[in-house]
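Participant: Can you look at this prediction? I've put the sequence above it.
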Amino acid sequence: MNGEGMTAAGNPLGSVLVVDDQRNMRATTALLLRTEGHTVQEAADGEQALAVLRSGPVDVMLTDLKMEPMDGLTLAKRALEVAPGTQVIMMTAYGSIESAVEAMRLGAYDYVTKPFKEGELVYRVRRALERARLLGTVNHFAREFHRTHGLMALVGHSAAMRELTARILRVAASDATVLIQGESGTGKELVARALHAHSRRNVRPFVPVNCAAISETLLESELFGHAKGAFTGAVKARRGLFEEADAGTLFIDEVTETSPAFQSKLLRALQEGEVRRVGESTAVKVDVRTVAATNRDIAAEVEAKRFRQDLYYRLNVVTLRVPPLRERLEDIPLLADHFLQRANARSQRVHRLTSAAVEHLQGYDFPGNVRELENLVEQAAALAEGNELLPEDFPLRPRPAPRTAPPGFTPPLGISAPSLADAVEEAERRAISLALERCGSDLARVADELGISSTTLWRKMKRLGLRPDGSSEAP
């Protein structure tokens, strides 16, 4: 709020705009509110009032209904367009209550009938200020939630991340069940939270559960709840996470870690929209948007009969794939800086990444994905002697060069031929090595000849273990 805080009695103070074309009434009302400690501005007509609202935030606008040339109803409508956070109170004669009710339908907060007692007006303004403060708090937490869990938390500007965020925005508006697939450490829960944050359910709970972290015997009770005495230790009835997530989002992580028996119960809950607590026979209806995730190839799990096919179809309405970090190396500088800023804020130190350190990080495969990068940056920030983080602060090895067969080589029976990926890498290595020989290790000319950027050339050389002179780095 924009006032001075609270009265001695604990009542909120704020900024109030009094709008009335009758000078005496306007001045008397303003004086009363100033006596209460509020910051009060006055306006003689609707246009003046709108100018005040445009010039700065106002907590409460108290306006007369019968005014010329703009009446209070029109002013209320325009004011809520200009300043949607302002609480509008209509002052109206007894015979015009219907117009005041219409104003409330349009978004006004309250009305007071003339002639009113001073205490009544003070009370209604106080209630409006309390609502303004409450809405301000809610909006603050909403912004914080979106900052922490919305798309802003998905750091990256690569094509893969742009495609993922665009797909999240398209899917979030629906209630479709979503299956998120990606390797460990790629940020699958962040994607689930972003889906929730941008959905119509974002004011209701987001409830995560990791199936791999809970034993099979407890998982059913955790998700569906249990009755008192249902098993040893069940000293009282307990709601499950399905019920906790009612009207919100339930995120079931590592869903492929569950047994077929549990999968059958989960399928029933999703199909019927109801759960049955362990030890009870009565079903409880739930309205839950389900998001599941796995780091396994779930189609292969179905093929191997380790995951129910019908549950797979139920979960796989919309699929989101979170790309591994090695497929979006251009995001590493942004991600590393993001994690470093967080580490700096916690330690109250000022570290910065050198360009050499960033290049060093981009030469690594990151099998642990974004989580590994975050840990490496935090470790470097904690152990670095100076403010600048150097390559030696990140003890990594470049990608090993695969050993491939020479051209035209046919492997004997029983011995596997090189994979397509290995063959592509070998072709890249030969092309770059030959270009380096022709251009005398002039990397700018090499990049121009190969039709790629200097950054891409450097990245490929690091990945392939090539030096500027065309020789290979030691494995």
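Facilitator: That came through fine.
Participant: Can you spell out the domain ranges of this structure, please?
Facilitator: 15-142, 151-323, 326-393, 420-464 (automatic domain parsing).
Participant: want to try JSON lines for those, with mean pLDDT as columns?
Facilitator: Formatted as JSON lines, the domains of the chain follow (pLDDT from 0 to 100):
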{"stretch": "domain 15-142", "mean pLDDT": "86"}
{"stretch": "domain 151-323", "mean pLDDT": "89"}
{"stretch": "domain 326-393", "mean pLDDT": "89"}
{"stretch": "domain 420-464", "mean pLDDT": "76"}
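Participant: and Q48, what is it in contact with?
Facilitator: Residues in contact with Q48, defined by Cβ atoms under 8 Å, 6 or more residues apart in numbering, are V19. C-beta coordinates here come from the backbone N, C-alpha and C atoms, glycine included.
Participant: Shouldn't it be within a strand?
Facilitator: No. Q48 is assigned helix when assessed by DSSP: H, G, I helix; E, B strand; the rest coil, not a strand.
Participant: what's in contact with stretch 241-249?
Facilitator: Here stretch 241-249 has contacts from 192, 195-196, 199, 201, 204-207, 209, 222-225, 250, 269, 275, 284, 286-291, using Cβ under 8 Å, 6+ apart.
Participant: I'd like to know how many residues surround the nearest residue to K228 once chain neighbours are set aside.
Facilitator: Leaving aside its sequence neighbours, K228 sits nearest to A237 (Cβ to Cβ, 6 or more residues apart in numbering; 4.7 Å). If you count neighbours by other Cβ atoms under 10 Å, A237 ends up with 14.
Participant: Okay, A237 and D287: tell me how far apart.
Facilitator: 21 Å (Cβ to Cβ, to the nearest Å).
Participant: cool, L135 as well?
Facilitator: Using Cβ to Cβ, one gets 26 Å for the distance from L135 to D287.
Participant: And for T294?
Facilitator: Taken as Cβ to Cβ, the span from T294 to D287 is 24 Å.
Participant: So for the two, which sits in the more crowded spot?
Facilitator: Legend: neighbour count by other Cβ under 10 Å for T294 and D287, higher for T294 (22 against 13).
Participant: and the more buried one, what are its bridge partners?
Facilitator: Judged by DSSP bridges, the bridge partners of T294 are Q181.
Participant: I figured it hits V255, correct?
Facilitator: Yes. With contact defined as Cβ atoms under 8 Å, T294 reaches V255; the gap is 5.5 Å.
Participant: what's the overlap in contacts for the two?
Facilitator: With Cβ under 8 Å, 6+ apart, T294 and V255 have no common neighbours.
Participant: can you give me the end-to-end distance of stretch 175-183?
Facilitator: When the termini of stretch 175-183 are compared using Cα to Cα, to the nearest Å, they are 25 Å apart.
Participant: Run through the neighbouring helices and strands of the helix or strand that E189 is a member of.
Facilitator: Assessed by DSSP states H and E, E189 sits inside helix 188-197. Judged by 3 or more Cβ pairs under 8 Å, 6 or more residues apart in numbering; DSSP states H and E, helix 188-197 is in contact with helix 118-149, helix 159-172, strand 178-181, strand 206-210, strand 249-253, strand 289-294.
Participant: switch to 6 Å and redo it
Facilitator: Counting contacts by 3 or more Cβ pairs under 6 Å, 6 or more residues apart in numbering; DSSP states H and E, helix 188-197 is packed against helix 118-149, helix 159-172.
Participant: quick one: which of those is nearest A447?
Facilitator: Set against A447 and scored by Cβ to Cβ, those come closest in helix 159-172, at 20.2 Å.
Participant: Direction-wise, compare that closest one with helix 188-197 and give the angle.
Facilitator: Calculated by axes from the mean of the first three to the mean of the last three Cα atoms, to 10 degrees, helix 159-172 forms an angle of 40 degrees with helix 188-197.
Participant: And the helix holding E189, how far out from the chain middle?
Facilitator: Helix 188-197 sits 6 Å away from the centroid of its parent chain (Cα atoms, centre = their mean, to the nearest Å).
Participant: I'd like the numbering to begin with 421 instead of 1 from here.
Facilitator: Okay, using 421 as the starting number, the last item reads as helix 608-617.
Participant: Only alpha carbons, please: show that helix as CSV.
Facilitator: Provided in CSV are the C-alpha atoms of helix 608-617 (Å, rounded to 0.1, in the frame of the first residue of the first chain):
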residue,chain,number,x,y,z
LYS,A,608,11.7,-31.9,-15.2
GLU,A,609,10.2,-30.6,-12.0
LEU,A,610,10.8,-27.0,-13.1
VAL,A,611,8.9,-27.7,-16.2
ALA,A,612,6.0,-29.1,-14.2
ARG,A,613,6.0,-26.1,-11.9
ALA,A,614,6.0,-23.8,-15.0
LEU,A,615,3.0,-25.7,-16.4
HIS,A,616,1.2,-25.1,-13.1
ALA,A,617,2.2,-21.5,-12.8
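Participant: pretty sure A596 is touching V738, no?
Facilitator: Yes. Using Cβ atoms under 6 Å, A596 is in contact with V738, at 5.0 Å.
Participant: Between the two, which has more neighbouring residues?
Facilitator: For A596 versus V738, neighbours defined as other Cβ under 10 Å are more numerous around V738 (16 against 13).
Participant: what's the burial count for the closest residue to R474 other than its chain neighbours?
Facilitator: Closest residue to R474 apart from its sequence neighbours, by Cβ to Cβ, 6+ apart: V502 at 6.0 Å. Number of residues near V502 (other Cβ under 10 Å) recorded here: 14.
Participant: same question, P680
Facilitator: Look at P680: counted by other Cβ under 10 Å, it has 11 neighbours.
Participant: Relative to L884, how far out is it?
Facilitator: Taking Cβ to Cβ, one finds P680 at 45 Å from L884.
Participant: same check, this time on R590
Facilitator: R590 is 38 Å from L884, where distance means Cβ to Cβ.
Participant: Which one's more surrounded, the two?
Facilitator: Using other Cβ under 10 Å as the criterion, R590 and L884 rank with L884 on top: 21 against 10.
Participant: Could you double-check that the more buried one lies in contact with R850?
Facilitator: No. Using Cβ under 6 Å, L884 makes no contact with R850, being 9.9 Å away.
Participant: circling back to that earlier point, next, the residue nearest to R474: phi, psi?
Facilitator: phi -70, psi -40 (degrees, to the nearest 10).
Participant: With the one 4 residues further on instead?
Facilitator: Phi and psi for T506, reported as degrees, to the nearest 10, are phi -80, psi 130.
Participant: now do R454
Facilitator: Main-chain torsions, R454, degrees, to the nearest 10: phi -70, psi -40.
Participant: In the sheet, which residues pair with A513? Tell me.
Facilitator: With DSSP bridges as the rule, A513 is bridged to K534.
Participant: Is it in contact with F536, as I believe?
Facilitator: No. When contacts are counted by Cβ under 6 Å, A513 is not listed as touching F536 (10.7 Å).
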